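Undergrad: Need the 3D shape of this:
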Amino acid sequence: MSKVDQSVINFQVYENATEYYGMAEVSLPEISYIVNEIQGAGISGTLESVILGHLEAMTLTLNFRTLVKSAIALTEPRDHQIDLRVAQQDKDTVSGTTNVVPVKHVFVVQPKKLAPGKVAPASAADASGEYAVSYWATWIDGEKVLEIDILNFICFVNGVDYLEPVRKALGK
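TA: Here you go, the predicted structure:
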């Protein structure tokens, strides 16, 4: 099947799978692996060595239209489980049908910053929060494609847990 990914139709954000947080947009974390620059005998220069399954710190950003109680609640200094449920649209170019593809992201985060935004007549406040991510899993159309668990040595991408041999070597 040939398909063209088209758009995010809409999304919802929940905490602990039940409480809805209405917001304007979400900026997902970047996945950036830790690298070590190596040089020495037998190497004709320097080389960045990507450290298997080890990541730089990740940040999730939630942008709220206005300053609401849910944004304040997310500043409680504790772990928060955030579920981001997305309906994406694609087009099957063979059949001509438009399809809805469910995407689910689950995060465990701690608050880093709340920016309450601005106050002006007839405008959005543009409030936002930044959250440190210790866990992130993603399912696309019901299939788990990503799981990053910094504290439990899991780096699962497309069916392979790249830190499994590391856990074994460490006796975990």
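
Undergrad: Name the residues that touch stretch 104-118?
TA: 28, 59-60, 64, 66-67, 71-72, 74-86, 124-139 (CB atoms under 8 Å, 6 or more residues apart in numbering). In short, each C-beta sits where N, CA and C put it, glycine included.

Undergrad: In three-state terms, label V86 for me.
TA: Three-state call for V86 (DSSP: H, G, I helix; E, B strand; the rest coil): strand.

Undergrad: pLDDT wise, what is it at?
TA: At V86, the model reports a pLDDT of 96.

Undergrad: what's the neighbour count on it?
TA: The burial count assigned to V86 is 18, neighbours taken as other CB atoms under 10 Å.

Undergrad: Give me the sheet partners of the least confident helix or strand in the chain by mean pLDDT and which way each runs.
TA: Within the chain, no helix or strand scores below strand 19-20, which has a mean of 72 by mean pLDDT, DSSP states H and E. Strand pairing for strand 19-20, using DSSP bridges, gives strand 3-15 (antiparallel).

Undergrad: Whichever of the contacts of stretch 104-118 end up buried, select them in ChimeraX.
TA: Entered in ChimeraX, the line below selects the buried ones among those, by 16 or more other CB atoms under 10 Å:
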select :59,60,64,66,67,71,74,80,82,83,84,85,86,125,126,127,128,129,131,132,133,134,135,136,137,138,139
